[in-house]
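>>> show me the folded form of this:
(one chain, ligands or ions: 2)
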Amino acid sequence: MKLMVLMAKALKTEAKKVEEMMDDGMQSVRITYYPPCPRPELVVGITPHSDASGITILNQVNGVDGLKIVKDGAWLPLTFLPHALVVNVGDILEVLSNGLYKSVEHSVAVNSEKERIAVGFFFNPRFDAEVGPATDIVGPENPAKFKRKGMEQYVKDYFAMKMEGRSNLEHMKIDNDGCRQ
Ligand SMILES: O=C(O)CCC(=O)C(=O)O
Ligand SMILES: [Fe+2]
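Ligands and ions are numbered 1, 2, ... in the order given. I've put the predicted structure just below:
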């Protein structure tokens, strides 16, 4: 929550609004177990996606790497620093910032010898909040790039979609000509 509010402050948006949006928000945890595979190049641990969340905090519990992110259009394997957590920008923060923060596309490769265990904590707005660009940063100078919808609808739409690249975010985009899709 604090992190999300600080990131919002950096956008010069009203932090109080973000605080209200996230207060008592939906939080979830995903624990993923990646069994070793002798031919890791033939399998994927998790297919490429961006998280639908505001932010995600990842704890790579047993120190086995595997996370990859897209940076400057290319896949980059990550090494977690010992005892460090990784913080990912999710789709909601990209929408809220009207595209200033970019949600990170990521995937996970499996290890040929070792199992991998990771725990992801997903921080989201409250169910009755609205997901959309912060109203105080959009205007004629910075037209909204994303649609607005209630968090409940956003979650329903997300689960109705295949987890594939940044498809969730594409869904939220407003047409280039400014028309709502
Ligand atoms: O295993 C990881 O490090 C990442 C897992 C992940 O991307 C997710 O649960 O959304
Ligand atoms: Fe993820």
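>>> any idea which residue sits dead centre in the chain?
Gly90 (1.9 Å; Cα atoms, centre = their mean).
>>> neighbours around the nearest residue to it once chain neighbours are set aside, how many?
Spatial nearest neighbour of Gly90, chain neighbours left out: Ser53 (3.5 Å); criterion: Cβ to Cβ, 6 or more residues apart in numbering. To be clear about C-beta, it is placed using only N, CA and C from the backbone, and glycine gets the same treatment. Counted with other Cβ atoms under 10 Å, residues neighbouring Ser53 total 26.
>>> can you tell me the SS state at Ser53?
coil (DSSP: H, G, I helix; E, B strand; the rest coil).
>>> my read: it touches Asp91, true?
Yes - Ser53 lies in contact with Asp91 (Cβ atoms under 8 Å); the separation is 7.3 Å.
>>> now do the SS call for the residue of the chain at minimum distance from ligand 1.
Per Cβ to the nearest ligand atom, Ala118 is where the chain lies closest to ligand 1, at 3.2 Å. Secondary structure state of Ala118, per three-state DSSP, is strand.
>>> let me see the confidence value for the residue nearest to the centre of the chain.
You'll see Gly90 listed with a pLDDT of 96.
>>> which residues pair with His49 across the strands?
Beta-bridge pairing of His49, defined through DSSP bridges, involves His106, Gly165.
>>> equivalent analysis for Tyr34, please.
Beta-bridge pairing of Tyr34 under DSSP bridges involves Arg116.
>>> burial count for it?
Tyr34: 21 surrounding residues under other Cβ under 10 Å.
>>> touching ligand 1 at all, stretch 76-90?
No - Stretch 76-90 is not in contact with ligand 1 by Cβ under 6 Å from any ligand atom; minimum separation 7.3 Å.
>>> which positions within that stretch qualify as buried?
78, 80, 86-90 (16 or more other Cβ atoms under 10 Å).
>>> can I get these in TSV with distance to Ile137 and secondary structure?
Output for the buried residues of stretch 76-90, formatted as TSV (distance: Cβ to Cβ, whole Å; DSSP: H, G, I helix; E, B strand; the rest coil):
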residue	distance to Ile137	secondary structure
Leu78	30	coil
Phe80	32	coil
Val86	26	strand
Val87	21	strand
Asn88	22	strand
Val89	16	strand
Gly90	18	coil
